[in-house]
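Novice: The following comprises the amino acid sequence and a computationally predicted model.
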There are 2 protein chains.
Amino acid sequence: MAAGDLDRVMHLLAKLPGLGPRSARRGVLHLMQRRESLMLPLAEALAAAARSIRTCRTCGNFDTTDPCAICQDVRRDPGLICVVEDVGDVWALERAAAFKGRYHVIGGVLSALDGVGPEDLNIESLVARADTAEVTEVVLAMNATVDGQTTAHYIADRLAGAHVAVSRLAHGVPVGGELDYLDDGTLTQAMKARQSV
Amino acid sequence: MAAGDLDRVMHLLAKLPGLGPRSARRGVLHLMQRRESLMLPLAEALAAAARSIRTCRTCGNFDTTDPCAICQDVRRDPGLICVVEDVGDVWALERAAAFKGRYHVIGGVLSALDGVGPEDLNIESLVARADTAEVTEVVLAMNATVDGQTTAHYIADRLAGAHVAVSRLAHGVPVGGELDYLDDGTLTQAMKARQSV
Ligand SMILES: [Zn+2]
Ligand SMILES: [Zn+2]
């Protein structure tokens, strides 16, 4: 029943994870009551981010530059690559300051159910990176879910030919849990106690 | 840890009701993976709505015109005014097609706890509207919460001097429930069985 432009905002907001039609309506009302302080700034930030943010072709991270700041940071250990499912996991590990190497975002997990195979993930590029002389260790930091662990095993197998140590996060990560939920201390502990695969 | 523009999107999204920092991060990832199909369209729809949508000075509804389409619709009974807390309730009643009069959005409820007094709500303008010759009945459609019912009683008192019938939605509305949650049938029934106050 709302006017066209509001209907469109509602329809698009409802596509965000965790938001349904009702919470999208609430969101639109909230935004309309804060047109100058929230609605227009959000519109501008979305447009600016969509324009300015690239996907790093080396690691898959989001940044304004390609390669990203992490891939370009010479103070970070180029011998150490941490493999994660998505960019949110990079953010979680960076918030915890748990890791001083570089990342590789594979973009999901293997899933027979969802029809996600190895070719749908950034695994070939990881194998290529691991095969360079400077890389000495690959840390598998998938979520502790069934699909995450299946994916970690698959990647460990694929890396068997490369001359790198392969490790995974210590089982401080609760079984069934997702990285993004954990407090910084747990993530730091899990990283320190990482185990050879 | 995300780059500036993404941080800003996250920060602003987290201000929406029902979204916290974590779901805002998930939302940003979801948007970044759909830059063309979702992120830019949402940015444009937000900007367009913020520009085009006004608040009707007669009833408080949102529309591209002022007075709004409902206030201008000559097929709707000008003698009947339904008083609601916010525009979301107008949408709910319009979805249900439960009401063929016009609306008055008071913009909240009286609340001692939140320091909301009668002067913070659009009640004076309601009293003025109710005092015109064409208005014959005011339907109080506040939420069935304690604050909603307190507000309804306050408004009924304020309308005692106006020569209008004052009614409320029938108690088909579940106690403690909010209009926006109800199915169309319940709303229609509650409107049909509205009672004199
Ligand atoms: Zn990178
Ligand atoms: Zn109006």
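Specialist: Happy to help now that I have it. Ligands and ions are numbered 1, 2, ... in the order given.
Novice: Grab the nearest non-local neighbour of A:G27.
Specialist: Distances taken as Cβ to Cβ, 6 or more residues apart in numbering or on different chains place B:L16 nearest to A:G27, at 4.5 Å, with adjacent residues excluded. Using the backbone N, CA and C atoms, a C-beta is placed for each residue, glycine as well.
Novice: All the strands of chain A, residue numbers only.
Specialist: Using DSSP state E, the strands found in chain A span residues A:54-55, A:62-63, A:80-84, A:102-105, A:137-140, A:165-168, A:195-196.
Novice: want to try JSON lines for those strands, with distance to ligand 1, mean pLDDT and mean neighbour count as columns?
Specialist: Below are the strands of chain A laid out as JSON lines (distance: least, Cβ to the ion, whole Å; pLDDT from 0 to 100; neighbours: other Cβ atoms under 10 Å in any protein chain shown):
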{"stretch": "strand A:54-55", "distance to ligand 1": "9", "mean pLDDT": "93", "mean neighbour count": "16"}
{"stretch": "strand A:62-63", "distance to ligand 1": "7", "mean pLDDT": "94", "mean neighbour count": "22"}
{"stretch": "strand A:80-84", "distance to ligand 1": "11", "mean pLDDT": "94", "mean neighbour count": "24"}
{"stretch": "strand A:102-105", "distance to ligand 1": "7", "mean pLDDT": "97", "mean neighbour count": "25"}
{"stretch": "strand A:137-140", "distance to ligand 1": "15", "mean pLDDT": "93", "mean neighbour count": "23"}
{"stretch": "strand A:165-168", "distance to ligand 1": "20", "mean pLDDT": "91", "mean neighbour count": "20"}
{"stretch": "strand A:195-196", "distance to ligand 1": "25", "mean pLDDT": "68", "mean neighbour count": "10"}
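Novice: And the helices in chain A, which stretches?
Specialist: A:4-13, A:21-32, A:40-52, A:69-72, A:87-95, A:124-130, A:146-158, A:184-192 (DSSP state H).
Novice: Tell me who's in contact with A:M142.
Specialist: Taking Cβ atoms under 8 Å, 6 or more residues apart in numbering or on different chains as the contact definition, A:M142 lies against A:83-85, A:109, A:148-149, A:151-152, A:168.
Novice: Same check on A:I123?
Specialist: Neighbours of A:I123 in contact, by Cβ under 8 Å, 6+ apart: A:106, A:154-155, A:158.
Novice: most neighbours, which of those?
Specialist: A:I155 (25 neighbours; other Cβ atoms under 10 Å in any protein chain shown).
Novice: Wait, that one touches A:V139, no?
Specialist: No. Counting by Cβ atoms under 8 Å, A:V139 is not a contact partner of A:I155; they are 10.8 Å apart.
Novice: Distance check, A:M39 against B:D5.
Specialist: Look at A:M39 and B:D5: by Cβ to Cβ, to the nearest Å, they are 17 Å apart.
Novice: Walk me through the domains of chain A.
Specialist: A:3-52, A:62-168 (automatic domain parsing).
Novice: pLDDT score assigned to the closest residue to A:G185 other than its chain neighbours?
Specialist: Leaving out its chain neighbours, the residue that sits closest to A:G185 by Cβ to Cβ, 6+ apart is A:A96, at 7.9 Å. Listed pLDDT for A:A96 reads 83.
Novice: about what we covered before: what would the contacts of A:M142 look like in a markdown table with distance to B:H163?
Specialist: Output for the contacts of A:M142, formatted as a markdown table (distance: Cβ to Cβ, whole Å):
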| residue | distance to B:H163 |
| --- | --- |
| A:V83 | 75 |
| A:V84 | 70 |
| A:E85 | 67 |
| A:V109 | 69 |
| A:G148 | 70 |
| A:Q149 | 74 |
| A:T151 | 73 |
| A:A152 | 76 |
| A:R168 | 78 |
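Novice: before we move on, the earlier item: closest to chain B out of the contacts of A:I123?
Specialist: Set against chain B, the nearest of the contacts of A:I123 by Cβ to the nearest Cβ is A:I106 (13.7 Å).
Novice: Please give me every residue in contact with the residue of chain A found nearest ligand 2.
Specialist: Of all residues in chain A, A:A3 sits closest to ligand 2, at 11.6 Å by Cβ to the ion. Listed by Cβ under 8 Å, 6+ apart, the contact set of A:A3 reads B:52-53, B:62-64, B:69.
Novice: Please repeat the previous calculation with a cut-off of 7 Å.
Specialist: Contact analysis of A:A3 by Cβ atoms under 7 Å, 6 or more residues apart in numbering or on different chains lists B:53, B:62-64.
Novice: Return, as residue ranges, the portions of chain A with sub-threshold pLDDT.
Specialist: Scanning chain A for pLDDT under 70 picks out A:1-2, A:171-172, A:174-176, A:195-196.
Novice: re the thing from before, just the closest of the contacts of A:I123 to B:R76, please.
Specialist: If you rank the contacts of A:I123 by distance to B:R76 using Cβ to Cβ, A:I106 comes first, at 57.1 Å.
Novice: separation between the nearest residue to that closest one once chain neighbours are set aside and chain B?
Specialist: Counting by Cβ to Cβ, 6+ apart, A:I106 lies nearest to A:L121, which is 4.4 Å off, once chain neighbours are set aside. According to Cβ to the nearest Cβ, to the nearest Å, A:L121 and chain B sit 14 Å apart.
Novice: Over to A:V116?
Specialist: A:V116 is 14 Å from chain B, by Cβ to the nearest Cβ.
Novice: In JSON lines, list the contacts of A:M142 along with distance to chain B.
Specialist: Listed next are the contacts of A:M142 as JSON lines, based on distance: Cβ to the nearest Cβ, whole Å:
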{"residue": "A:V83", "distance to chain B": "17"}
{"residue": "A:V84", "distance to chain B": "12"}
{"residue": "A:E85", "distance to chain B": "11"}
{"residue": "A:V109", "distance to chain B": "14"}
{"residue": "A:G148", "distance to chain B": "16"}
{"residue": "A:Q149", "distance to chain B": "21"}
{"residue": "A:T151", "distance to chain B": "18"}
{"residue": "A:A152", "distance to chain B": "21"}
{"residue": "A:R168", "distance to chain B": "22"}
